[in-house]
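S.K.: give me a 3D structure for the following:
(chains A and B)
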Amino acid sequence: MEDGAQSPVLWLRSGPMGHQRLDNDGITPLLFLAPLLVLLGAFILYPVVMNLISSFAEWKGYGPQKWIGLTNYRNMLSDQAFWASIENTAILVCYIPVSTVVTVFVAALLREGLKGWRAYRAILYIPNLLGPVIIGVVFSIYLRDDGSLNLALKWATGSTLRFLTSPMLAINSIGIIQVVWVHLGFGLIYFLAAMNGVDQGIYEAALIDGAGFWSTLVRVTVPSIRFAVEFWVVFSFIEVFARMFSFIYTLTRGGPGFGTFTLEYGVFVQGFEKFRVGYSSAWSMVLFVFCAAISVAQIRLMRRRSV
Amino acid sequence: MIKRSILCLVILALCVVPRLFATGGQETATLTVWDFKYGEVEGSQKPMKQIDALFMEKYPDVTVNHVAQPGDPQYYQIIQAAASANQGPDVAMFHPGAREYGFGDILIDLSPYIQDVKDQFTPASIAMVSMDGKIGAPIKLLPMTMQGFGIYYNKDYFRKASLDPEQPPKTAAQFLAACDKLKAAGIVPIAVGQTYTIDFTLRCLVANEFGPNVAGLKDGSVKFTDPQFREGVEFVKALVDKGYLEKAGFSRPYFMEGIDKFAAGGGGMFVGLLSDVGNWKAFSDKLGANNVGYFPTINFPDNEYKDQQVAQGAGIGYGVMTWSKNQKVAVDYVKFYATGDGARIYASSTGAMSPNTAVTGLEATYPALKIIQQYLKANLAEDYIPMFYNGYEDDANRVCDRLFVTGEITVDQFIAEYQNLITKK
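M.R.: The predicted structure is shown next:
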């Protein structure tokens, strides 16, 4: 294939130094990239830069901004809500390995040809169709002190659990429901697709060697879908850091107290309930740094594997 | 060529003539109104439609486009978005106090336009809608309601528990005894809704503890670290610990499930509101007007003040936006809602208490209202929550949760944190 016929990405990587000058093909590659660059600039770069600027300002979301230097960051570091949000986010992060192990395990079970596996897959996917708001509202009723889950528990064990009024139970309920259970459906589809891409010959060889379910899972399946698992972990991190808001808002509103108050929820409360948008921007920058660090880690992992 | 020219002229005439007729006739204005009450189909919407119709009858050249918006806090996020775009409604509803003052720069000063009706309103309500609560400062809203909190009780349940329904348990000892008897009779002593039951209870108690000096919390002349506040906090903690405040209610939203629970006979007492929802009218209509009792607070023996009725001079009100191109008619609309027939219709239909003294109402039909009005006349004490920053109530409620719901902190820590909040920037 001639250089001129290559895709821009391939073309950029194919030079002797790893990168070639764009002007070999004139402006054409840039024109192809322009729509994406404009969108990235308008919806990613510009907001990030503006957010950084307003994090050094006192601003209520409209009108002039008043420059106050590092005051927002200083206030944030002495804010009880901030440290509670870090702690809660860390607890939710702990559910990522649980989610990954459970999802890979169930996917492997289904791949084994469990009878009715298509039905199980469909049933487990349903939470993804409902969306976090509906799930949040439904569970805010189920999990109440006098909710149906507690009624069942009382009937079965004689006692109840304070799912929504104990901070520890509330944050762990969110971890189990949103990080593990809701993601299970999407994870199954994703991991089953990855497992289907594994050469069947390897499984047959393992079977001939006498490998059982567990050794096949640990020694064949997981190493073969390592890239998918890595991506899943990064995806889950982003979900935990930046996509839990709607579920938390509808389930607990960050309570009781600061029991389920996460970084992302704090950004919302500061910016859109208290209208301290400058201060909220400082919180957002912390969230941005976490998410950026995870993305950089992902890119490095992918590069390491492609070498 | 001639045919073509004629055709062009005809088309041009067809386009232009209707416009000529439109501008040649009377000019019509569309007044866009945003509020968070219009969406209450069972509550405020019906009287609001009626008031809008009366307004349009009086101003035939004006069309009111009344838009139902979600409640607080989403409502204020929409207002924030409108402010950043510098366009939106002509008239918008606000909560007087921190919410109003925070958005004061996008509301016009109504003072020059309301001189003819200003004297109809209570001084407390005018003070509250004036910027930063200062008398003489620009008035940004005209109040439609006043707000406050107090304790409603179900007289039937009191009878069942061998309590005198005409003697409300107003002292701490009587209150505990009443809770005990209600519990013994198998009745939930105090129905609860998440967060606000504690919030409103503390507001009732603080009014009684500091009386006319509540505003001193702002300048530090009275503090939450004072012994009378501690007494109130310890009392509420005892109510929680003894199970008199229904524990299951702490995972149930106050609006509207907690309210509905009491209205459906789910408790002997309930800490409710004076206006809007969860009020004397709502409970009387559900439980029977003669079956609802009321008292404003709980008295402690050593307290200087007794029977203080906590109240905000103004509960909700309309303001006119700076970007409105119809400011004159918008001001008329705001006045129409807060005075005369508009105010009367709104108050009588929703149970809102009007700060407009010219609006008299339903005392004969609702005994609970008569009692409330007596307390309001005799022992009015200011509510402390709207005195502080936007979002103060949310912060305060999280601290409340940590003592009363989760038990993470002690009473000492609670008092220290509660006091620290009011100095927070």
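S.K.: which residues touch residue 247?
M.R.: In the absence of a named chain, chain A is used. Residues in contact with A:F247 (Cβ atoms under 8 Å, 6 or more residues apart in numbering or on different chains) are A:P132, A:V133, A:I135, A:G136, A:I174, A:I177, A:Q178, A:V182. (Glycine included, C-beta is placed from N, CA and C.)
S.K.: ah, no, chain B please
M.R.: A:D145, A:T165, B:V192, B:V240.
S.K.: just B:A330 next, same as before
M.R.: Applying Cβ under 8 Å, 6+ apart, the residues contacting B:A330 are B:L31, B:D90, B:V91, B:V320, B:M321, B:S324.
S.K.: with those in mind, which one is nearest to chain A?
M.R.: Top of the list for closeness to chain A, among those and by Cβ to the nearest Cβ, is B:M321 at 12.5 Å.
S.K.: could you check the pLDDT of the closest one?
M.R.: Per-residue confidence at B:M321 stands at 97 (pLDDT).
S.K.: report the beta-bridge partner residues of it.
M.R.: Beta bridges link B:M321 to B:L107 when assigned by DSSP bridges.
S.K.: show the low-confidence segments of the stretch 151-300 of chain A, by residue range.
M.R.: By pLDDT under 70, the stretch 151-300 of chain A has no low-scoring segment.
S.K.: just the helices in it please.
M.R.: With helices called from DSSP state H, counting those that start in this stretch, the stretch 151-300 of chain A shows them at A:167-174, A:183-196, A:200-208, A:213-216, A:222-224, A:226-242, A:245-251, A:263-268, A:277-306.
S.K.: among those helices, which is the most enclosed?
M.R.: For the helices of the stretch 151-300 of chain A, the largest average neighbour count (mean count of other Cβ atoms under 10 Å in any protein chain shown) is found in helix A:263-268, namely a mean of 23.
S.K.: so what's the residue of chain A found nearest chain B up against?
M.R.: Residue of chain A nearest chain B, by Cβ to the nearest Cβ: A:K274 (3.3 Å). Going by Cβ under 8 Å, 6+ apart, A:K274 touches B:Y389, B:N390, B:G391, B:D394.
S.K.: by proximity to chain A, which residue of chain B wins?
M.R.: Nearest residue of chain B to chain A: B:G391, at 3.3 Å (Cβ to the nearest Cβ).
S.K.: so what pLDDT did that residue get?
M.R.: pLDDT, read off for B:G391, is 87.
S.K.: then the one 4 residues further on?
M.R.: Looking at B:D395, its pLDDT stands at 94.
S.K.: and if you look at the one 3 residues further on?
M.R.: Per-residue confidence for B:R398 comes out at a pLDDT of 95.
S.K.: chain B against chain A: which residues are in contact?
M.R.: B:73, B:76-77, B:80, B:83-84, B:86, B:102, B:105-106, B:195, B:247-248, B:250-252, B:389-391, B:394, B:398-399, B:401-402, B:405-406, B:408, B:425 (Cβ under 8 Å from any Cβ of the partner chain).
S.K.: could you identify the buried members of those residues?
M.R.: In those, burial by neighbour count holds for B:73, B:76-77, B:80, B:83, B:102, B:106, B:195, B:247-248, B:250-252, B:389-391, B:394, B:398-399, B:401-402, B:405-406, B:408, counting by 16 or more other Cβ atoms under 10 Å in any protein chain shown.
S.K.: thinking again about what came up before, now the residue of chain A closest to chain B. Its backbone dihedrals?
M.R.: Recorded main-chain torsions at A:K274 are phi -100, psi -10, according to degrees, to the nearest 10.
S.K.: tell me the contacts of residue 287?
M.R.: No chain specified, so I'll use chain A. A:F241, A:A242, A:L263, A:E264, A:V267.
S.K.: chain B was what I was after
M.R.: B:N154, B:D156, B:A263, B:G265.
S.K.: against B:A416, how distant is it?
M.R.: 40 Å (Cβ to Cβ, to the nearest Å).
S.K.: please apply the same query to B:Y244.
M.R.: B:Y244 sits 26 Å away from B:A416, going by Cβ to Cβ.
S.K.: neighbour count: the two, which is higher?
M.R.: Each of B:Y244 and B:A416 has its neighbours counted (other Cβ atoms under 10 Å in any protein chain shown); B:Y244 has more, 23 against 14.
S.K.: would you agree the more buried one is in contact with B:P189?
M.R.: Yes. Between B:Y244 and B:P189 a contact is recorded at 4.3 Å, counting by Cβ atoms under 8 Å.
S.K.: pLDDT score assigned to the closest residue to B:V64 other than its chain neighbours?
M.R.: Nearest residue to B:V64, sequence neighbours excluded (Cβ to Cβ, 6 or more residues apart in numbering or on different chains): B:D52, at 4.5 Å. Here, the pLDDT recorded for B:D52 equals 97.
S.K.: which strand or helix spans B:D52?
M.R.: For B:D52, the host element (DSSP states H and E) is helix B:45-58.
S.K.: what are the buried residues along that helix?
M.R.: So for helix B:45-58, counting by 16+ other Cβ under 10 Å, buried means B:Q45, B:P47, B:M48, B:I51, B:D52, B:F55.
S.K.: picking that back up, from the contacts of A:L287, which two are the most distant?
M.R.: A:F241 and A:V267 (10.8 Å; Cβ to Cβ).
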